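**Student:** Kindly return the folded structure for what I paste below:
(chains A and B)
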Amino acid sequence: MATIKLSEDKIQIIKDICASFGNRSGEVINVLHGVQGQFGYLPAEVQQVVAHELHMPVSKVYGIVSFYSFFTMVPKGEHPINVCLGTACYVRGAEKVLDALKRELKIEIGECTPDGKFSLNCLRCVGACGLAPVAMVGEKVYGRLTPDQVPAMLAEYR
Amino acid sequence: MIKLSIDNKPVEVAEGTTILKAARQAGINIPTLCYFELDGMNFENKPGGCRVCVVEVKGRRNLAPACATECMEGMEVFTSSPRAINARKTVVELILSDHPNDCLRCEKSGDCELQALAARLGIRELPFKGEQTTFKKDSTLSVYRDMDKCVYCRRCETMCSKFQTAGALSGVNRGFPSVVAPAFDQPLGESSCINCGQCVQVCPVGALTLVDNINDVMKAIADPTKTVIVNTAPAVRVALGEEFGQEPGSIVTGQMAAALRRLGFDYVFDTDWSADLTIMEEGTELLQRVGKVLKGEEAKLPMFTSCCPAWVAFYEKNFPDLLEYPSTAKSPMAMFGATAKNYFAQKIGVNRKDLVVVSIMPCLAKKSECAREEFGKDGNPDIDYVLSTRELAHMIKQCNLDLNQLPEEDFDSPLGQSTGAGVIFGATGGVMEAALRTAYELHTKKSLPKIDFEEVRGLNGVKEATVDFDGLPVKVAVCYGLGNARKIMEEVRAGNPNGYNFVEVMACPGGCIGGAGQPYHHGNSDIIRKRMEATYREDAGKPIRKSHENPDIIAIYKEFYGEPCGHLSHELLHTHYFDKSDKIEATLQ
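**Tutor:** Alright, predicted model coming up:
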């Protein structure tokens, strides 16, 4: 027997999202999408509540969360950084930019800095191939990035 | 009907038949690894994932997976063309490239489908070298997990989530780290696992195996300060022979008793005896509940059987609001343990701590049941160790005995004599039939006109019957597979629209005869059918076939327990259940 502890208001948010999809287990991906949109990530307790509300095993919910790269169990930073590794960005040196970010922030892909300021992730194409290589900090797009521009970019948020 | 040819042999099959099944019909056995079916028991695992069953189809560019490709009119299938065999070999070589290949010391050796496949295909080299998966080893009291050996067939997941609806296992992660595991990679023992062990029974390789207790038992037998007694479950005697090359459905009761004696057990008793005791308690409880309802008093109906420990774990975890419905009667094994440690120990003048009680069970959940705290006294369990049928076979072989050569011997007294009613506990419907035989006669005070209740026999997942108790209609249901039990529990929650009075539940396919501790059936449901036939054959051959007529049962009530559901019975033979469901607790922060 496990006891899942979560704050009252968070439980209510999850319940509302599940209810908006009729508490149907077939809607689990949409529900997880919505819940991650609210909390930024999907910790174990949140998945437990989703499973409970949709009347499905939590192992199945975790199976989905761990399968799709969009879902994350790691909290995002205050400023989530996404580096595009689409073909155009890749051939124009996105990997070097990514390496510079890892070095500067001392974290790996999918992680968050200990102060909670930055998290680092990759994505495939933001539709700005003309600006390759591209990275996003929050909603702001930075184009034609080089590794030596990385410290200055981060400084804007520090 | 569809006409096609397989290996130039004309075949005619019904529409929708897969190439795999059509080939089997034609006597061509295409090898498989992930595919698994229990014919007639509503269990099929067909992920089409392993690609071992690929065949060549004339006019089709790529090879077709036989398990997932339907037959078409005029199709020409070649199951053993050089291209098909080559592909099949490569598939197996690739699987082996991420397998520990430690067959010599693997628990599954000799019963492993991958090992058999490699032998059949003549794999002599491992051409592919690459990374190896390394997962954490994990164990409950019943099931041992070594996912490095997993071939990702997902049979266990289908069994756990679809057949049992326990939902402990799911495919997680993607790509190379993919594995079948509980949520958040938590230990299986902390998940919703109910320890039915059916994942072990269907696993083709050694990824899921039983927790072996042979050495514990051998040590106890060798200890001169201990008196070691054993009891054997009904389903063991109709399956043990398979491990010694006997035909499925062979009955080896006498040889098994002889083997146990030669292994050094001081007393060889029978769980069938305590199955008769269970019927006395459970049957009486049923009549009491029905009587109360008839008088307009409060009592929970339907009453559910409570012999199956996986089923008990299932309702404790999933139906905490319905814990008053199952019978409070302990399982036959637990009743045996309680009687052995509280009555028999005293009778032979042995301290309960020096009496070691071993159970031979077709079941892996029993290994968890015997550790339940309430089934013991002052930290000393009523049942010390549980060995599965497979472990017993292994132990017999290790001790240089050949079951086939042994004479037939009887069980010892006073916990050894049983009736046909105790025997049929091993098959789905058996507990119900045994209970009806006794409850009818106790209630009506008349002799049963017909002792066989055919309507509750057989391999249907859910069976129903209404039995006339001399003017009182008793509506019963029997099911196996916890997915079926879940449906009935949900009906009960919704007000029991079918009006059941008594429901029997067994977790495993076909009941205990298809238990996780039985010899591997590898998806051959005929083996389970034959064990069932043997069970009813054994019953029919018994001179006494009703529990309440068992002289040793009558004697134990006279000498020790007093009366069924009496004071001492309640203390020793009945139990209570606990809410073990997950709870969501709201915190302020």
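
**Student:** Validate this expectation: B:Gln115 resides in a helix.
**Tutor:** Yes. Assessed with DSSP: H, G, I helix; E, B strand; the rest coil, B:Gln115 lies in a helix.

**Student:** Who are the contact partners of the spatially closest residue to it that is not a sequence neighbour?
**Tutor:** Nearest residue to B:Gln115, sequence neighbours excluded (Cβ to Cβ, 6 or more residues apart in numbering or on different chains): B:Cys103, at 5.7 Å. All C-beta atoms are positioned from the backbone trio N, CA, C, and that covers glycine. B:Cys103 is in contact with B:Ser109, B:Cys112, B:Gln115, counting by Cβ atoms under 8 Å, 6 or more residues apart in numbering or on different chains.

**Student:** Sketch out the low-pLDDT regions of the chain for me.
**Tutor:** The chain I'm using is chain A. Chain A contains residues with pLDDT under 70 at A:1.

**Student:** Chain B, not that one
**Tutor:** Checking chain B against pLDDT under 70 turns up B:589.

**Student:** for chain A, what are the nearby residues on it?
**Tutor:** Taking Cβ under 8 Å from any Cβ of the partner chain, the part of chain B that reaches chain A is made up of B:161, B:166-174, B:181-184, B:190-192, B:317, B:579-589.

**Student:** if we can go back for a sec, can you tell me how far the residue nearest to B:Gln115 is from B:Leu114?
**Tutor:** 9 Å (Cβ to Cβ, to the nearest Å).

**Student:** care to break the chain down by domain?
**Tutor:** In the absence of a named chain, chain A is used. Domain segmentation of chain A under automatic domain parsing yields A:8-67, A:79-155.

**Student:** You answered for a different chain; I wanted chain B.
**Tutor:** Annotated domains of chain B cover B:2-97, B:275-330+B:417-573 [automatic domain parsing].

**Student:** Reformat those domains as TSV; add mean neighbour count.
**Tutor:** Output for the domains of chain B, formatted as TSV (neighbours: other Cβ atoms under 10 Å in any protein chain shown):
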stretch	mean neighbour count
domain B:2-97	18
domain B:275-330+B:417-573	21
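
**Student:** dump the residue contacts of the residue in chain A positioned nearest to chain B.
**Tutor:** Nearest residue of chain A to chain B: A:Pro57, at 2.5 Å (Cβ to the nearest Cβ). Contact analysis of A:Pro57 by Cβ under 8 Å, 6+ apart lists A:Ala51, B:Ser161, B:Ala166, B:Gly167, B:Ala168, B:Ser170, B:Ala183, B:Ser192.

**Student:** ok, back up a step: now the domains of chain B in CSV, please, with extra columns for distance to B:Glu247.
**Tutor:** Formatted as CSV, those follow (distance: least, Cβ to Cβ, whole Å):
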stretch, distance to B:Glu247
domain B:2-97, 19
domain B:275-330+B:417-573, 8
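
**Student:** what about the residue of chain B found nearest chain A, how many neighbours?
**Tutor:** Chain A sits closest to B:Gly167 of chain B, with a gap of 2.5 Å, by Cβ to the nearest Cβ. When neighbours are defined as other Cβ atoms under 10 Å in any protein chain shown, B:Gly167 has 25 of them.

**Student:** Once you drop chain neighbours, what's closest to it?
**Tutor:** Excluding its sequence neighbours, the residue lying closest to B:Gly167 (Cβ to Cβ, 6+ apart) is A:Pro57, at 2.5 Å.

**Student:** next one: B:Asp39
**Tutor:** In space, B:Asp39 is closest to B:Ser525, 4.5 Å off (Cβ to Cβ, 6+ apart).

**Student:** Also A:Ile29?
**Tutor:** A:Ile64 (6.4 Å).

**Student:** Can you give me the neighbour number for the one you found?
**Tutor:** Neighbour number of A:Ile64 under other Cβ under 10 Å is 19.

**Student:** Could you pull out the buried residues of the strand or helix carrying it?
**Tutor:** In this assignment (DSSP states H and E), A:Ile64 forms part of helix A:58-67. Buried residues in helix A:58-67, counted by 16 or more other Cβ atoms under 10 Å in any protein chain shown: A:Val58, A:Ser59, A:Lys60, A:Val61, A:Tyr62, A:Gly63, A:Ile64, A:Val65, A:Ser66, A:Phe67.

**Student:** swap in stretch A:106-126?
**Tutor:** Buried residues in stretch A:106-126 (16+ other Cβ under 10 Å): A:Ile107, A:Glu111, A:Cys112, A:Phe118, A:Ser119, A:Leu120, A:Asn121, A:Cys122, A:Leu123, A:Val126.

**Student:** So which of the residues you listed reach chain B?
**Tutor:** Near chain B, by the rule Cβ under 8 Å from any Cβ, you find none of the buried residues of stretch A:106-126.

**Student:** Packing partners of the lengthiest helix in chain B?
**Tutor:** For chain B, the helix with the greatest residue count under DSSP state H is helix B:271-294. Applying 3 or more Cβ pairs under 8 Å, 6 or more residues apart in numbering or on different chains; DSSP states H and E, one finds that helix B:271-294 makes contact with strand B:227-232, strand B:303-304, helix B:332-339, helix B:420-423, helix B:430-444, strand B:472-480, helix B:551-556.

**Student:** start to end distance for stretch B:96-112?
**Tutor:** One end of stretch B:96-112 to the other measures 13 Å (Cα to Cα, to the nearest Å).

**Student:** correct me, but B:Phe425 touches B:Glu433?
**Tutor:** No. Assessed by Cβ atoms under 8 Å, B:Phe425 is found out of contact with B:Glu433, at 9.4 Å.

**Student:** May I have stretch B:422-438 as PDB, with CA atoms only?
**Tutor:** Only the C-alpha atoms of stretch B:422-438 are listed here, as PDB (Å, rounded to 0.1, in the frame of the first residue of the first chain):
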ATOM      1  CA  GLY B 422     -10.900 -32.200  -1.500                       C
ATOM      2  CA  VAL B 423      -9.300 -33.500  -4.800                       C
ATOM      3  CA  ILE B 424     -11.300 -31.300  -7.100                       C
ATOM      4  CA  PHE B 425     -10.200 -28.100  -5.300                       C
ATOM      5  CA  GLY B 426      -7.400 -28.000  -7.900                       C
ATOM      6  CA  ALA B 427      -9.600 -27.200 -10.900                       C
ATOM      7  CA  THR B 428     -11.800 -24.200 -11.700                       C
ATOM      8  CA  GLY B 429     -15.200 -25.000 -10.300                       C
ATOM      9  CA  GLY B 430     -13.900 -27.600  -7.900                       C
ATOM     10  CA  VAL B 431     -14.200 -25.600  -4.700                       C
ATOM     11  CA  MET B 432     -17.700 -24.600  -5.700                       C
ATOM     12  CA  GLU B 433     -18.700 -28.200  -6.400                       C
ATOM     13  CA  ALA B 434     -17.100 -29.500  -3.200                       C
ATOM     14  CA  ALA B 435     -18.900 -26.700  -1.200                       C
ATOM     15  CA  LEU B 436     -22.300 -27.500  -2.900                       C
ATOM     16  CA  ARG B 437     -22.000 -31.200  -2.100                       C
ATOM     17  CA  THR B 438     -21.600 -30.400   1.600                       C
END
